[in-house]
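Chemist: here are the coordinates; sequence isn't available:
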């Protein structure tokens, strides 16, 4: 039977995640982490590791739990309610999944157990100064053959949590041919390699740290190459889909929480002797927010399932979810501020945390406009 | 001094036009004209002619009044309040202005006095089956040299009021070169010329009749050529600007009337014991409607003035006005139906007359998207 | 979560589709909307098709077997709707029956009423209409004034209803009238089942902005109806009406027809031009095609989610308002986009030889303007969502009315 | 209609522009928003520049000459604002003074009050703030509870105001407080002019989502103010406050700064890429650039139309709400577009070496979210337009409050 509800196990995981984020990551903590360069305390990181979340997707042979993306998805939904700061997303999804999908056996053995345990952090360096989520976007960062391996040169931007990662997976061009989709390779680079410099960027969403990663003659051994040389694009594309599915879950969690904040306020704030939620201007904005929140959930859940099952329509499902969740999270968090009025405009109130996260998540791995266009391409070429 | 108000003369003209359209063109008349193939009664046409409106733009030497476009503009604004059916727009603006701007002295003498008096009607056949308001759009209708003149072949679509026009001005390609803007010519064609067949199209807006005009070896004399052979595009472009400025004035008149209808209804219709206009959902829709109506007026008035004065920024002003008035007239008339509820959805109510006119006017001479793009082109090439 | 159809659901589809395609092939040409004058023919095809569905066990998928239904699931019902609509195999001329009357008769009717009306609805022999709105009671149902006065075992009804779709060809009508003018407004209403051939009924068509006369005014002049035609008890009219509207908002899933609509727009975009190039290559058009494709698919996922919940035993509640608000606003915007896509051709109505798709989108565009008004305006749906789903307080005016 | 500037207006521009450019050239580097820590420096430049304007006869264009104004027209004022803003020549740190305090003092003040305050406002020596909103009285001004109790020739004020911009550096404050708690809410208010150095005032900054602390909470603890500091009579507070808001909505024209903003976006669109090509070539971006270009120009035309009417002797009325609603919503949408245009770079704030335009649009984007809240939310403006311009009835709740 079609069953759009979570399984009992997922419900349990969800409750446990809800408890965790509410108890361990209250708004004051989140605000502190905005000011903290690491974006997370070791204590919170360790507790998350203990809960096993970092190993959810890591296969059992690499000391993970080997569950499905759907299971991780419910955790992301709850994290979105905070919204969660720190490198969980980058390490578990960008790092872990790229290694799982692209890594050699040796690389998996070397890194995945650490990721699963929370002892190792990794991330993916994808975007360049001319940011474009397509093969042509991997252009200025080049890896050229050098003694015993490759020398990588170029600048990557908007790399999540590179400054706290042990490994940076770098997508670099190894071949210039007519077809830009060919000639892209992934390298597993130890972040302490010489020639690598990492600078934290000053970003709007202080909870999700992003970095400039500068490769200056970074020498990596042959063994750093992940998978077939020049054949990395399909894997990058798949990781981007998984990442977007996770970001969408986070976004619907944030929308749900924004809706709750807004409705609670509308019920209690009095103007002209009535709760402001009794006025249609506010009430109807709340109703619209509910409608888009539920709709965003529907499409985000579907995308999570499709990615999890690796269905043929997973890329389509992801583009649908990313486009819709981006547009609606932006709108919902904007309306939340509007309904809150002055108080929602202050730094002290939580509204802006979600508002800024909406912006950040949209632009990681392609914005709404990008995904609508991609969807039409997929639909018309099918 | 900057003075955005109408002159005393314009105010008088406006009042007289208001009186005329209210008395002579009540909604019942408009509805009748939807069913009438001509779109106007001879009686109403004659009365308009008597008021001198058809000669407002015709220079005195051709028996017109020789006033400025601004003066005609206020008449269009009032006509929009009905909204006016019939060939006034096509004959006076498309026919009259094209002849005034492009015609030979002989052609002007032959046709303009009749247009000014209301004895002759003319129109402009521009769009083709692949409708595009740019030089490349004049492509399939061709005029080729023939004995003593030209033979015209091809199909024109969406030609306003061709079926009641005495003259059809045809934009045809006379030369195929690298630059599509070269090689377009205008011909003044007697509508009774053999080979010309005209068919009334079944259109959404029954008040503004449009036709298919089929040229099958239509032989016209050399003297039918208007102005320099192959050099017509700049004039067509100017006529399109004037036509759009007129359409915009009509649209703001229609918006003003739609707003009045809506507000009157919102004040008197009772639901849950209160006038529906007391509820914010309705009140705020009305407020938005007011805002866009006033804004549309501002930009339409400016465009009318710019066209009238033939200022260098007139094309920009027209594109701004056409884009904004199109978007807002569509929205205002749609919201009018929504606020009226069921009654606004009936044929018997006037709301749909405006709603459909909004659609029709937008697509004559380039829709909102077209004009926004054109505006950016003008602004970036300046 | 599992978005796959179960083997049983998949089997249902595999069984239904060949049957449906067989019926279509047998029929040959199916009368479509454009034959506006051929309304009789279209309705006749509906009755014929509904009979075929009934005989084959495909009528009233979720309704009890004892009254001729299939006793199936909401998901099967969704599949059936989708397959029929994707093929435009038949128009649903009995939306009121299936969406409103059937549900409330099953919920509130006596056994006799169920026996009498449900099978006749399912086998296509009876089409229903509804008399709720009145000229001075649109969104505010409690304000209605059509009166039923008790006279022996009968009631005598006088008054006027409006926006009664299908009244001109309906066999039966569900009617809400005021039986007691002396109690607070929403307490004095009762709910009747009326045979449309009863003397004293006068149906007058209302032409709408599409040019069709889908709706009617219905006048009642000393119309007599026996007490046994009442649904529930005297004074239950408000309660049953509200329940009816809940059912309505959960009625036939429309995913299939919107899917058809957006697929058509993709095709259209390949065939019309924009700035001299195929519209499908224009980035602005692509953004909008992408958007509506997403919205239509979300309609499916939303429906599946709410049906999946209902399957677990929840009853239709105010959440139906979300679905109604969603699809009506979506369709309005989508049909507006269709006009933009057609460019100047959007002005050409069915019957013009130049009309694209024979004017299908023009009709749909104009008709869509009614979607956000009929069956509760979008404003009313938002009130319901705000108040009954989110728990926001009523506004002062409506709170006062309730007192 | 004549949209041309008159020879006199043109002459004013021709005279003012070289003067302004001379001042800018002399100053060299003008401190801008990005030097957030250099707020003092920015304010000092405002005072210096305002003094220059005053000395050159360019302060208070439309204000009476007897108080140091120019006695000029609204169109000249528009020209001045436009030229200053196009060049970002100086930030207007005294918006409250020019937009609110000045207007009401001229309208309701005594000659002594006008003499005391207007020249000091115009020559840059005094900056103003305003105390209207309170934590429990935002949109509902009549609900405010800060109390002023008469004590001899003085009033003693206790309570709290919020959203007081510039309070930390303002010299003077216009303050609305409750002087009579025993009459209907809006009748018991009075309006004062307060020296911000008066003992008993405590200013606490409120950080907003931009990270700046533009607004403040202001606490009054037994603050004493003489009766002569009252504007109008006791109980006039409501009337004067409403008038103040009308003035505010007509305050400084912002066309020049929005023109600067959209011109900047055109430039940006040439310099950033979209799908690997210059964004200016992307049709989706072009649609939006076109739209905002139009909206900014309409702001100018709307302003000209309303000023042209005011020139003919009409007084500022509720129409100012249309202007406020228009530009605040426009700016919100335009700054949102700026973020879209910058793509991933939109995340980089001022201070990042990779930030485009040093993060100017990021600040503007975040700050714009306050536009539709401050000085009357968009919802309040729509109420005003609906009720006071269109004549629609008040809603039941607010109608009841008024009684």
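Modeler: Perfect, I can see it now. It should be emphasised that the depicted structure is a prediction, and the values quoted were computed from it without experimental measurement.

Chemist: so how far is chain D from residue C:244?
Modeler: The gap separating residue C:244 from chain D is 28 Å, by CB to the nearest CB, to the nearest Å. Bear in mind the C-beta positions are built from the backbone N, C-alpha and C, glycine included.

Chemist: let me know the pLDDT of whichever residue of the stretch 51-200 of chain C sits closest to chain D.
Modeler: Here the stretch 51-200 of chain C gets closest to chain D at one residue, residue C:140, 13.9 Å apart by CB to the nearest CB. Reading off the confidence values, residue C:140 has pLDDT 84.

Chemist: surely residue C:275 touches residue B:131?
Modeler: No. Between residue C:275 and residue B:131 there is no contact under CB atoms under 8 Å: 10.7 Å.

Chemist: find the residue at the geometric middle of the chain.
Modeler: Defaulting to chain A. residue A:247 (4.4 Å; CA atoms, centre = their mean).

Chemist: that was the other one, I meant chain C.
Modeler: Chain C, centroid-nearest residue using CA atoms, centre = their mean: residue C:95 at 4.5 Å.

Chemist: list the contacts of residue A:163.
Modeler: By CB atoms under 8 Å, 6 or more residues apart in numbering or on different chains, residue A:163 lies in contact with A:37, A:198-200, A:209, A:211.

Chemist: can you flag the buried ones in those residues?
Modeler: Among those, those classed as buried by 16 or more other CB atoms under 10 Å in any protein chain shown are A:198, A:200, A:209, A:211.

Chemist: helix, strand, or coil at the spatially closest residue to residue A:292 that is not a sequence neighbour?
Modeler: Nearest residue to residue A:292, sequence neighbours excluded (CB to CB, 6 or more residues apart in numbering or on different chains): residue A:328, at 4.0 Å. Under the three-state scheme (DSSP: H, G, I helix; E, B strand; the rest coil), residue A:328 adopts helix.

Chemist: just to check, residue A:328 is in contact with residue A:293?
Modeler: Yes. Using CB under 8 Å, residue A:328 makes contact with residue A:293 at a distance of 7.3 Å.

Chemist: which neighbours do those two have in common?
Modeler: Between them, residue A:328 and residue A:293 share the contacting residues residue A:255, judged by CB under 8 Å, 6+ apart.

Chemist: picking that back up, now, which of the buried ones among the contacts of residue A:163 sits nearest residue A:71?
Modeler: Using CB to CB, residue A:209 is the member of these that lies nearest residue A:71, at 25.7 Å.

Chemist: for residue A:246, see how far away the closest one is.
Modeler: 17 Å (CB to CB, to the nearest Å).

Chemist: the longest helix seen in chain A and chain C, are they touching?
Modeler: For chain A, the helix with the greatest residue count under DSSP state H is helix A:233-268. Yes. For helix A:233-268 and chain C, the contact criterion (CB under 8 Å from any CB of the partner chain) is met by A:263, A:266-267.

Chemist: near chain D, which residues of chain C?
Modeler: C:282-284, C:287, C:395-397, C:400.

Chemist: take those and keep only those in helices.
Modeler: C:283-284, C:287, C:396-397, C:400.

Chemist: tell me the secondary structure at residue A:94.
Modeler: Reduced to three states by three-state DSSP, residue A:94 is helix.

Chemist: that older thread, give me the pLDDT value at the residue nearest to the centre of chain C.
Modeler: 90.
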